[in-house]
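A.B. asks: Generate coordinates for the sequence data below:
(2 chains)
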Amino acid sequence: MTGRARVLWLQSGGCGGCTMSLLCAQSPSLPDALEAASVELVWHPALSEASGDEVVDLLGAMERGDVALDILCVEGALLRGPNGTGRFHLFAGTDRPMTDWVKALAARAGCVVAVGSCAAFGGISAGGQNPADACGLQFDGVHAGGLLGAHFRATAGLPVVNIAGCPTHPNWVIETLAALAARALTAADLDPCQRPRMFYDHLVHHGCPRNEFYEYKASAVKPSDLGCLMEHLGCLGTQAHADCNTRLWNGEGSCTRGGYACINCTAPEFEDPGHAFQQTPNIAGIPIGLPTDMPKAWFVALASLSKAATPERLRRNAVADHLVVPPGVRNPHRR
Amino acid sequence: MPRTLLLNANSGVVPAVTRIVVGPFNRVEGDLEVRLDVDGDRVREAWVVSPLYRGFEQMLLGKAPLDALVIAPRICGICSVSQSMAAAYALAQAQGLQMPRNGQRATNLILACENLADHLTHFYLFFMPDFARPVYADQSWYAGVVERFRAGTGSALREVLPGRAQLLHLMGLMAGKWPHSLSLQPGGSTRAVQPQERIRLGMILAGVRQLLERTTFGDRLETIAGLDSAAALAVWRDAAPPDSSDFRRFLHLADALDLTTLGRGVDRFMSVGSYPLDGRRCFARGLWWNGLQPLDLAGITEDLSHSWMFGGVEPQHPSAGNTVPVAEKPGAYTWCKAPRLRGEAVEVGALARQLVDGQPLMRALVAASGGNVANRVIARLIEAARILVEMESWVRALRPGEPFCDHAVIPDEAQGVGLVEAARGSLGHWLRIRNGRILNYQIIAPTTWNFSPRDHQGLPGPLEQALVGAPVRPGERTPVAVQHIVRSFDPCMVCTVH
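C.D. replies: Next up is the predicted model:
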């Protein structure tokens, strides 16, 4: 591609939240960020002037190959129902299933990007009994395949790039587009879920401000408590692949900073954890989902040891919604 | 839409009528199609089609009740907190929980932050760019509007997007992130505000106030919120040049294009009320229908006659409703159900809220010209000024150290209703719990009301009625007037069908 990469953004069976999140981009804000990333939004459903027939004409030209399509971004799951017809989402004004449009345009695109866990894996749109028969572009939950099939490669050679998350962080999207526009992303830069490793080789646990509580297993027992959310309140931050607590959201936030569990929204099938989201399932008090790469025996041993060693300050603050015992101030002259 | 209608329209019986299909309809949240019968230079009849079905009400069945707090917000990326709040209220009613005062103020702040951000998104990103279309190139104001509002390049975008992002730092601090937070719980907020954070919140809002007063209004928020008559609005508008603020720019544009004559709706307005605080609502609940009336929630029904939904002929109250999609159904043309109040279509949104709440300017403007494109947009901006002033008072009233969240167990058998005002209007969740699991969950979203299809009496929904008579220029396939009318409702299509 020469000049700025031409991006087409389609919204399929999703909530539009990844776009809403994208609008929160800062340093720089979205218009400047896109320019800096060397991409041009040829059409985006929330941002572009073109409507109706103008859009149908543009998409038709792209499908025929008359207009270049460097990057196709799809937000939202692909809805195959009812009965494989795709009619749960007919792209407005065209009487044609969105799944059909996406297949046709993906065949022409230099790169295909799934924006958000719905487009990547099916996500929340595939929740429960999956009434709309939703799937991702190249995954159906944890299984490779999805709408485009496991062997799909875009014309520039990459499989679908999955920017997972519910929603996505604006930087994940902009910086992935920048890397693609610069041809700086290779298949080796993607993890087994085809997520760019630069964002997803981190754990949400990294940088969590509740880490001191975690170390001593000083746990929150009810919403608004300050303690660690893993033992009782369903937090999967020690297993979730994302840099949420080092990158931060909306200036100063993250799920655990907001006082609630990380629900591992960057993972396939996060929408059906098999238990209530805000409750940690356990056997004899030991959480079923252990921290990533941690042998169970060691976790049990360390947990019982650290529980025995929990300082009073952490024990009490863990079950309060504000600091009740401040850290002690040490006199530097006393040893 | 019945295919026979299409045949009649094309069969030469009424040769002047042409059928056009408008879509995809962007700069609305989600996917939308509008089908129009055009008679000469006017829309004669309209059908509004919601082309996307995901099935959230079905997904929620059998889940643990609190899972609704994870699932419901993900119906919508722009009304995410409103969906969370409605779910939390419904669960709170099922649990018999009352939020502590801090919890009320914190959740109100989070909801208000979303509503205010949505109003800015609508005005600057969704609505105004249509006036920068080439179709208006011969207008005297055109060059200025292109410079300010053209999609993607307008100077307003570069001022307002950073300001909006800064406003949403309130979400980062109080709700972890936006959209899709889990901080809103039946008993309040998971995120207790600490003393230094209360000061920080004040700083965030001060920055937003500066943006609104400098850019959007060109005046004090209190002055805007206090405008109380059409005459006062005209005096204010003329007190400074049109390009001194975006609100003034819009008022001049509205006059030049006579936007009060465009998109006249059903003139029945509903608000379920918003921002509960110490036993009252900051924005009142009610029905504005030839004057203020109490809102009878038992009078709400959903009609399935023109929806691709399985169901009986009799419209059901949402507490008894269900959602079973069908692929083919004679006479059906949308996934959207048709909510009605006492059998009538009603309009919801900022205009309805401000009318019901008694904001004097909006009462005066509607008395003069009814619900229309101009008044819907003016109401949204007036409300934006009012919301920020309220938010500042809630931040000052936060009491760090006192509780932000109360707690109770979920009963095995219970029901609850959660009613909230999203930016674009009234949102309701009707929840029933049996054996500790969700037995039924029905949702009526704002745009379900506004963009509903015909009902079993053949009565069109509010937008379908508002589009009748819209002007169509020669050769237009996506009429610009239709775009103004559709976007004046600030539709959210992903909520509409959910």
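
A.B. asks: who's in contact with the closest residue to chain B within the stretch 151-300 of chain A?
C.D. replies: Here the stretch 151-300 of chain A gets closest to chain B at one residue, residue A:258, 2.1 Å apart by Cβ to the nearest Cβ. Glycine gets a C-beta too; all of them are placed from N, C-alpha and C. Shown in contact with residue A:258 (Cβ atoms under 8 Å, 6 or more residues apart in numbering or on different chains): B:174-177, B:181-183, B:190-191.

A.B. asks: Could you do residue B:491 as well?
C.D. replies: Residues in contact with residue B:491 (Cβ under 8 Å, 6+ apart) are B:28-30, B:32, B:424, B:447, B:450-451, B:463.

A.B. asks: just those residues now: which is nearest residue B:245?
C.D. replies: residue B:424 (23.6 Å; Cβ to Cβ).

A.B. asks: Next one: the residue of the stretch 151-300 of chain A closest to chain B from residue B:178, what distance?
C.D. replies: 10 Å (Cβ to Cβ, to the nearest Å).

A.B. asks: For the stretch 151-300 of chain A, which segments count as strands?
C.D. replies: Taking DSSP state E, counting those that start in this stretch as the criterion, the stretch 151-300 of chain A contains strands spanning A:161-163, A:282-283, A:286-287.

A.B. asks: Whatever residue of the stretch 151-300 of chain B ends up closest to chain A: what's it in contact with?
C.D. replies: Across the stretch 151-300 of chain B, the shortest distance to chain A (Cβ to the nearest Cβ) belongs to residue B:176, at 2.1 Å. Contacts of residue B:176 were listed using Cβ under 8 Å, 6+ apart, and they are A:249, A:253-260, B:182-183, B:191.

A.B. asks: Mind doing that once more with 10 Å?
C.D. replies: Residue B:176 is in contact with A:244, A:248-250, A:252-260, A:262, B:182-183, B:190-191, counting by Cβ atoms under 10 Å, 6 or more residues apart in numbering or on different chains.

A.B. asks: Same question for residue A:222.
C.D. replies: Here residue A:222 is in contact with A:232-233, A:319, A:321, B:185, B:187, B:190, B:405-407 (Cβ under 10 Å, 6+ apart).

A.B. asks: Which of the residues you listed sits closest to residue B:44?
C.D. replies: residue B:185 (49.7 Å).

A.B. asks: For that closest one, what are phi and psi?
C.D. replies: phi -120, psi 160 (degrees, to the nearest 10).

A.B. asks: And for residue A:111?
C.D. replies: phi -140, psi 150.

A.B. asks: Next, count neighbours for it.
C.D. replies: Neighbours of residue A:111 under the rule other Cβ atoms under 10 Å in any protein chain shown: 27.

A.B. asks: Please identify the deepest-packed of the strands of the stretch 151-300 of chain A.
C.D. replies: Highest mean neighbour count among those (mean count of other Cβ atoms under 10 Å in any protein chain shown): strand A:161-163, with a mean of 28.

A.B. asks: Neighbouring strands of that one in the sheet, and parallel or not?
C.D. replies: Neighbouring strands of strand A:161-163 in its sheet, by DSSP bridges, are strand A:111-115 (parallel).

A.B. asks: got the CA positions of the partner strand in CSV?
C.D. replies: Output of strand A:111-115 as CSV, limited to C-alpha atoms (Å, rounded to 0.1, in the frame of the first residue of the first chain):
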residue,chain,number,x,y,z
CYS,A,111,-5.6,-7.1,6.1
VAL,A,112,-8.7,-8.1,8.1
VAL,A,113,-9.0,-7.0,11.7
ALA,A,114,-11.5,-8.2,14.2
VAL,A,115,-12.2,-5.3,16.6
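
A.B. asks: picking that back up, pLDDT added to the contacts of residue A:222, as a markdown table?
C.D. replies: Shown next, in a markdown table, are those (pLDDT from 0 to 100):
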| residue | pLDDT |
| --- | --- |
| A:232 | 96 |
| A:233 | 97 |
| A:319 | 98 |
| A:321 | 97 |
| B:185 | 98 |
| B:187 | 98 |
| B:190 | 98 |
| B:405 | 98 |
| B:406 | 97 |
| B:407 | 95 |
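
A.B. asks: so can I have a markdown table of these showing neighbour count and distance to residue A:58?
C.D. replies: Shown next, in a markdown table, are the contacts of residue A:222 (neighbours: other Cβ atoms under 10 Å in any protein chain shown; distance: Cβ to Cβ, whole Å):
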| residue | neighbour count | distance to residue A:58 |
| --- | --- | --- |
| A:232 | 19 | 52 |
| A:233 | 23 | 47 |
| A:319 | 15 | 57 |
| A:321 | 27 | 52 |
| B:185 | 30 | 45 |
| B:187 | 23 | 49 |
| B:190 | 31 | 44 |
| B:405 | 26 | 49 |
| B:406 | 19 | 53 |
| B:407 | 15 | 53 |
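
A.B. asks: which one of those residues is nearest residue B:38?
C.D. replies: The closest of the contacts of residue A:222, once distances to residue B:38 are taken by Cβ to Cβ, is residue B:185, at 50.2 Å.

A.B. asks: Look up the residues forming beta bridges with the closest one.
C.D. replies: residue B:188.

A.B. asks: mean pLDDT lowest for which of the strands of the stretch 151-300 of chain A?
C.D. replies: Here the strands of the stretch 151-300 of chain A differ in mean pLDDT, and the lowest is strand A:286-287 at a mean of 84.

A.B. asks: neighbouring strands for that strand, and are they parallel or not?
C.D. replies: strand A:282-283 (antiparallel).

A.B. asks: List the neighbours of the partner strand that are in contact with it.
C.D. replies: A:231-232, A:275, A:288-289.

A.B. asks: for the one residue sitting closest to the centre of chain B, what are its contacts?
C.D. replies: Residue closest to the mean C-alpha point of chain B, counted by Cα atoms, centre = their mean, is residue B:424 at 0.8 Å. Neighbouring residues of residue B:424 by Cβ under 10 Å, 6+ apart: B:28-29, B:78-79, B:82, B:115, B:118-119, B:122, B:348-350, B:380, B:445-447, B:449-450, B:489-492, B:495-496.

A.B. asks: related to what we said a few turns ago, what residues are shared contacts of residue A:258 and residue B:178?
C.D. replies: With Cβ under 10 Å, 6+ apart, residue A:258 and residue B:178 have common neighbours A:249-250, B:171-172.

A.B. asks: about what we covered before: out of the contacts of strand A:282-283, which are buried?
C.D. replies: Buried members of these, scored by 16 or more other Cβ atoms under 10 Å in any protein chain shown, are A:231-232, A:289.

A.B. asks: Thank you kindly, that will do.
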